[in-house]
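Participant: missing the sequence, but the structure's below:
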């Protein structure tokens, strides 16, 4: 088998195509979850906690030189070490939501895949000749 035909067989297998579709949909779904976290959940959490924008929570791990503005983007651009824990909180919440949604999806898929319990099997119908032979046998025993 030639290399090209082997590669063609591999690339066109159902699992590879399914994986490619899953990766593409997963990427798009990740963007939706990012938007839900950043545009819906984090503003609500911030308003409850006190109007905090979590993405801008940080601790400077050193001194800020003169002339450098004290905000996360400028500090990072200037190469000053910063512990950006607010961004971590946002990403961790994003992961938790994504994991929960995937869990719920898998749970529903497994529920749909489960086979319904089979109805109890009816007793097989005994042919009439066998029934008659049993009656004859039983009458001879008496």
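Facilitator: Everything's here; your move. This one's a predicted model, so the numbers in the text were calculated from it and none came from an experiment. Numbering: from 1, shown residues only.
Participant: Residue 83 is in contact with residue 72, correct?
Facilitator: No - judged on CB atoms under 8 Å, residue 72 makes no contact with residue 83 at a distance of 10.5 Å. (Glycine included, C-beta is placed from N, CA and C.)
Participant: So the two - more neighbours on which side?
Facilitator: More neighbours sit around residue 72 than around the other of residue 72 and residue 83, counting by other CB atoms under 10 Å; the figures are 17 against 12.
Participant: mind listing what that one touches?
Facilitator: Taking CB atoms under 8 Å, 6 or more residues apart in numbering as the criterion, residue 72 is in contact with 55, 56, 58, 82, 84, 87.
Participant: What ranges does this protein have for its helices?
Facilitator: In the chain, helices defined by DSSP state H lie at 3-11, 14-35, 42-49, 72-77, 85-113, 128-141, listed in chain order.
Participant: if we can go back for a sec, residue 3: which of the contacts of residue 72 is nearest?
Facilitator: Nearest to residue 3 out of the contacts of residue 72 is residue 87 (CB to CB; 45.6 Å).
Participant: what number of residues lie near the closest residue to the closest one other than its chain neighbours?
Facilitator: Distances taken as CB to CB, 6 or more residues apart in numbering place residue 55 nearest to residue 87, at 5.5 Å, with adjacent residues excluded. By the measure other CB under 10 Å, the count of residues near residue 55 is 16.
Participant: cool, and the one 5 residues further on?
Facilitator: Counted with other CB under 10 Å, the burial measure for residue 60 works out to 13 neighbours.
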